[in-house]
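K.L.:
Sequence and predicted structure below; questions after.
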Amino acid sequence: MSSATTPHTSAAPGRSALADPGYQAFVILRAGFTVAPILFGLDKFANLLVDWPVYLAPWIDDLVPGSAQAAMYAVGVVEIVAGLVVAVAPRFGGWLVAGWLAGIVNLLTVPGHYDIALRDFGLLLAAVALARLAQRYRGGRPAR
C-alpha cells in the first residue's frame, strides 16, 4: 500500500540532477561545445557560413605549408575531433577546446578582427567552465 505513494528510486536521481542549475549549465555547455565545433569544422571544407581562409593571419599562412584553405582543412579536422571529444569526455574536451581557442592570438595580429578575438576569449572562458563543471558532474551527478 505504501508503494503507491513512494517515489521510484530509479527516476529520482535523474530528476534531481536536472533540477540542479549547475548541472543544467553543464548540459548546455556540453551540447554547445559538441555541436558548434563539429558544424564549424565541417564548414571549413565548404565555406558556406564564412570565407574561412581570411581569418588566418598572413604570417601564419606563411608558416604553414600549402594554401590558407589547406590550413583551414586541418583546422576543420581539429575542430571536429574537439567536438567529438567534448561529447565523449567533457572533462578533457573542455580543456582541449579552451586550448584551441587560445589560438585567438592569430586574430589579434589581423586588424579588423579584434571583435572576433574578443568573442573567442569569451568562448575560451566558457570552455574552461565546461571542463570544471564536467569535473563535478561525472555521470550526471555531483562527484563527491
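P.N.:
Happy to help now that I have it. Model, not experiment: these values are computed from the prediction.
K.L.:
Following the longest helix along the chain in sequence, what is the next regular element?
P.N.:
In the chain, taking DSSP state H as the definition, the longest helix is helix 21-46. Helices and strands here follow DSSP states H and E; after helix 21-46, the next one along the chain is helix 58-63.
K.L.:
Do me a favour and average the pLDDT over that next one.
P.N.:
Across helix 58-63, the average pLDDT comes to 91.
K.L.:
Can you tell me what sits against that helix?
P.N.:
53, 67-68, 71, 106, 109-110 (C-beta atoms under 8 Å, 6 or more residues apart in numbering). For glycine as for every other residue, the C-beta is placed from the backbone atoms N, C-alpha and C.
K.L.:
Does anything pack onto the helix or strand following that helix? Which helices or strands?
P.N.:
Using DSSP H and E, the helix or strand that directly follows helix 58-63 along the chain is helix 68-88. Judged by 3 or more C-beta pairs under 8 Å, 6 or more residues apart in numbering; DSSP states H and E, the packing partners of helix 68-88 are helix 21-46, helix 58-63, helix 90-101.
K.L.:
picking up where we left off before, determine which two of the contacts of helix 58-63 are furthest apart.
P.N.:
The distance between the two most remote of the contacts of helix 58-63 (C-beta to C-beta) is 18.9 Å, for Ser67 and Thr109.
K.L.:
mind showing which ranges of this structure have poor pLDDT?
P.N.:
Counting by pLDDT under 70, the ranges of the chain that qualify are 1-15, 139-144.
K.L.:
Next, the contact list for the residue positioned nearest the centre of the chain, please.
P.N.:
Nearest to the geometric centre of the chain sits Phe33, at 2.6 Å (C-alpha atoms, centre = their mean). Contact analysis of Phe33 by C-beta under 8 Å, 6+ apart lists 83, 86, 90, 93-94, 97, 126-127, 130.
K.L.:
make it 10 Å
P.N.:
Phe33 is in contact with 82-83, 85-87, 90, 93-94, 96-98, 101, 123, 126-127, 130-131, counting by C-beta atoms under 10 Å, 6 or more residues apart in numbering.
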